[in-house]
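In: What shape does this take:
(one chain, ligands or ions: 1)
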Amino acid sequence: MAEHTIPLVSLTGVSKTFDGKAIIDNLDLSIYDGEFLTILGPSGCGKTTVLRLLAGLEQADGGRITLADEDITRVAAEHRHVNTVFQSYALFPHMTLFDNVAFGLRMQKLPMAEIRPRVLEALKMVQLEQMANRYPHQLSGGQQQRVAIARAVVNRPRVLLLDESLSALDYKLRKQMQSELKQLQRRLGITFVFVTHDQEEALSMSDRIVVMHAGKIVQDGTPREIYESPANLFVARFIGEINIMDGELLARAEPAGAWHARVEGRECVVHSKHSFSAGDKVCVLLRPEDVRMKVSRSEGNEPQDTTTPQTLDSQTFDRQTMGVPGRIVERLYKGATLESRVALQSGQLILISEFFNEDDPDFDYRLGQQVDISWADSWEVVLPYEQH
Ligand SMILES: Nc1ncnc2c1ncn2[C@@H]1O[C@H](COP(=O)(O)OP(=O)(O)OP(=O)(O)O)[C@@H](O)[C@H]1O
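Out: Purely as a prediction, here's the structure:
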């Protein structure tokens with residue numbers, strides 16, 4: 001992945017209030033030159049408002065916005081080198097693609113000799129130059145979206161803002177456009193700021209994700225950091241499926257950051273980047289694909305029971321002092337994976353996702369089967385306790 005180290009846009013202490021309510025609260029954000037940044041968060045968290053502040057479509061009540069070191073906080077939208085692609089592409093239906101893309105340049109009263117090559121270049125970038133004479137209704141949703149991008153790109157913006165730009169598309173086209181948009185951004189080298197509430201879209205497209213909640217940034221990191229090391233329960237839950245178990249730290253272990261802990265009543269070693277003290281209550285988080293399951297040794301099953309799945313990494317399993325006992329209460333066939341829901345003795349339900357292993361006839365578990373669950377050493381995320 002390319003390194004993006006030069007801030008192109010900076011928001012410093014930016015606030016925005018609507019009807020006496022703080023919607024954006026003292027927000028600090030740097031956007032780097034050439035990166036694909038996604039602002040991700042639930043409906044109403046303020047994502048679009050941040051985009052509109054960047055575009056100049058809303059005025060900040062407090063704070064400062066700079067673009068390439070120039071203070072643009074009070075600069076009018078049309079004088080910022082920023083363009084927006086809205087969810088509803090807003091193409092002019094009575095104009096050809098060429099005229100749609102040329103519109104902004106004509107408004108600037110540029111000579112036709114300059115407009116024509118720029119429009120054709122922009123249409124070429126989105127691979128629609130052959131369709132320059134068509135009208136929007138003659139295009140698919142994905143093609144219309146590409147016209148909207150060409151119309152923005154033709155202005156040679158430093159930053160392209162995209163507001164839920166793919167949400168009007170059906171699932172298959174949306175997947176295709178996600179990859180096209182990412183490739184386009186690489187090719188153009190323009191900084192993209194993309195707003196979505198779709199975590200999967202954010203993970204697959206972005207160099208960096210900013211997760212927002214109630215007008216604040218709650219985590220800022222690469223897709224992998226956000227998924228693998230969520231900063232709190234809100235982020236963990238918002239980004240995919242997560243299991244949250246209660247635990248207590250008993251004593252420090254080796255190396256630094258490791259703790260002897262009791263998780264769901266069982267003693268084990270956990271690891272955390274947070275600083276804790278012995279006796280602290282914690283939440284132990286595990287993604288479904290990081291949980292391991294083994295037929296229980298303690299509930300009358302032989303350790304070498306033939307139903308013991310061969311796919312288990314027994315070394316990993318044994319590194320934990322003991323698994324947490326539970327019972328399989330649900331199994332869901334998902335094609336490539338098998339999902340199982342295991343009820344622990346505390347009543348907590350744990351979701352486990354395992355890749356199907358066709359070579360292993362014993363892979364399948366029975367409903368009601370007693371199992372011990374564990375996880376790959378140090379793949380757990382340990383956070384300060386929060387009610388959940
Ligand atoms: N012009 C406005 N006047 C009053 N309230 C507004 C205005 N614009 C936004 N809001 C409020 O600000 C909050 C954040 O809105 P915003 O559109 O930024 O959220 P969002 O995260 O983009 O949500 P969504 O994903 O649903 O678009 C909402 O509660 C919204 O009702």
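In: so His388 sits right up against Lys281, yeah?
Out: No. Counting by C-beta atoms under 8 Å, His388 does not reach Lys281; the two are 11.8 Å apart. The way it works is simple: take the backbone N, C-alpha and C, and place the C-beta from them, glycine included.
In: And the helix or strand containing Glu339, how far out from the chain middle?
Out: Assessed by DSSP states H and E, Glu339 sits inside strand 337-344. Distance of strand 337-344 from the chain centroid (C-alpha atoms, centre = their mean, to the nearest Å) equals 24 Å.
In: before we move on, what about stretch 133-149?
Out: Computed by C-alpha atoms, centre = their mean, the chain-centroid distance of stretch 133-149 equals 27 Å.
In: which residues touch the closest residue to Tyr385 other than its chain neighbours?
Out: With sequence-adjacent residues excluded and distances taken as C-beta to C-beta, 6 or more residues apart in numbering, Tyr385 is closest to Lys281, at 3.9 Å. By C-beta atoms under 8 Å, 6 or more residues apart in numbering, Lys281 lies in contact with 246-248, 385.
In: Separate out the buried members of the residues you listed.
Out: Buried by 16 or more other C-beta atoms under 10 Å: 246-248, out of these.
In: hmm, stretch 76-90 in reach of the ligand?
Out: No. Legend: contact between stretch 76-90 and the ligand by C-beta under 6 Å from any ligand atom is lacking; minimum distance shown is 8.5 Å.
In: now that stretch: how far from the chain's centre is it?
Out: Remark: stretch 76-90 is offset 23 Å from the chain centroid, using C-alpha atoms, centre = their mean.
In: again with stretch 268-286
Out: 25 Å.
In: what comes up buried for it?
Out: For stretch 268-286, by 16+ other C-beta under 10 Å, it's 268-272, 276, 280, 282-286.
In: Ok, stretch 100-120 next?
Out: 100-105, 115, 118-120.
In: Give me the spatial nearest neighbour of the closest residue to the ligand within the stretch 201-350 of the chain, chain neighbours excluded.
Out: Per C-beta to the nearest ligand atom, Met212 is where the stretch 201-350 of the chain lies closest to the ligand, at 6.9 Å. The spatially closest residue to Met212, leaving aside those adjacent along the chain, is Gly41, at 3.6 Å (C-beta to C-beta, 6+ apart).
In: what's the span of stretch 39-54 from first residue to last?
Out: Taking C-alpha to C-alpha, to the nearest Å, stretch 39-54 runs 12 Å from one end to the other.
In: And the protein, what are its domain boundaries?
Out: 9-237, 243-297+323-384 (the TED database).
In: lowest-confidence stretch among those domains?
Out: With a mean of 88, domain 243-297+323-384 has the lowest mean pLDDT of the domains of the chain.
In: Longest helix in this protein, by number of residues?
Out: The longest helix of the chain (DSSP state H) is helix 171-188.
In: and it, how far out from the chain's middle?
Out: Centroid displacement of helix 171-188 relative to its chain, using C-alpha atoms, centre = their mean, is 16 Å.
In: now Arg366, what's its secondary structure?
Out: Secondary structure of Arg366, reduced to three states by DSSP: H, G, I helix; E, B strand; the rest coil: coil.
In: does it really touch Ser340, like I thought?
Out: No. Arg366 lies out of contact with Ser340 (C-beta under 8 Å); the separation is 10.4 Å.
In: So for those two, which sits in the more crowded spot?
Out: Applying other C-beta atoms under 10 Å to Arg366 and Ser340 shows that Ser340 carries more neighbours, namely 24 against 9.
In: any idea how far whichever residue of the stretch 101-250 of the chain sits closest to the ligand lies from Phe238?
Out: Residue nearest to the ligand within the stretch 101-250 of the chain: His197 (4.9 Å; C-beta to the nearest ligand atom). For His197, the distance to Phe238 equals 9 Å [C-beta to C-beta, to the nearest Å].
In: Equivalent analysis for Thr12, please.
Out: From Thr12 across to Phe238, the span is 26 Å (C-beta to C-beta).
In: quick one: which of these two has more around it?
Out: Neighbour totals were compared for Thr12 and Phe238, and Phe238 leads with 23 against 15 (other C-beta under 10 Å).
In: In contact with the more buried one, which residues?
Out: Neighbouring residues of Phe238 by C-beta under 8 Å, 6+ apart: 40-42, 199, 211, 213.
In: Pipe the buried residues of stretch 100-120 into a markdown table and attach secondary structure per row.
Out: As requested, these are exported to a markdown table (three-state DSSP):
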| residue | secondary structure |
| --- | --- |
| Asn100 | helix |
| Val101 | helix |
| Ala102 | helix |
| Phe103 | helix |
| Gly104 | helix |
| Leu105 | helix |
| Ile115 | helix |
| Arg118 | helix |
| Val119 | helix |
| Leu120 | helix |
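In: hang on, the earlier thing: give me the common contacts of Arg366 and Ser340.
Out: With C-beta under 8 Å, 6+ apart as the test, Arg366 and Ser340 both reach Ile328.
In: now the end-to-end length of stretch 185-194.
Out: 11 Å.
In: Trp71 is in contact with Gly63, isn't it?
Out: In this structure residue 71 is Asp, not Trp. No. In this structure Asp71 lies outside contact range of Gly63 using C-beta under 8 Å: 11.0 Å.
In: Of these two, which one has the most company?
Out: Neighbours were counted for Asp71 and for Gly63 using other C-beta under 10 Å; Gly63 has more, 17 against 11.
In: Tell me the residues of the stretch 101-250 of the chain that contact the ligand?
Out: Counting by C-beta under 6 Å from any ligand atom, the stretch 101-250 of the chain comes close to the ligand at His197.
In: make it 8 Å
Out: Selection of the stretch 101-250 of the chain residues close to the ligand by C-beta under 8 Å from any ligand atom yields 163-164, 195, 197, 212, 215.
In: biggest separation within these, which pair?
Out: Using C-beta to C-beta, those span at most 18.1 Å, a distance reached by Glu164 and Gly215.
In: on that earlier part again, tell me the two of the contacts of Phe238 that are most distant?
Out: Using C-beta to C-beta, the two most remote members of the contacts of Phe238 are Gln199 and His213, lying 13.0 Å apart.
In: That concludes my questions; thank you for your assistance.
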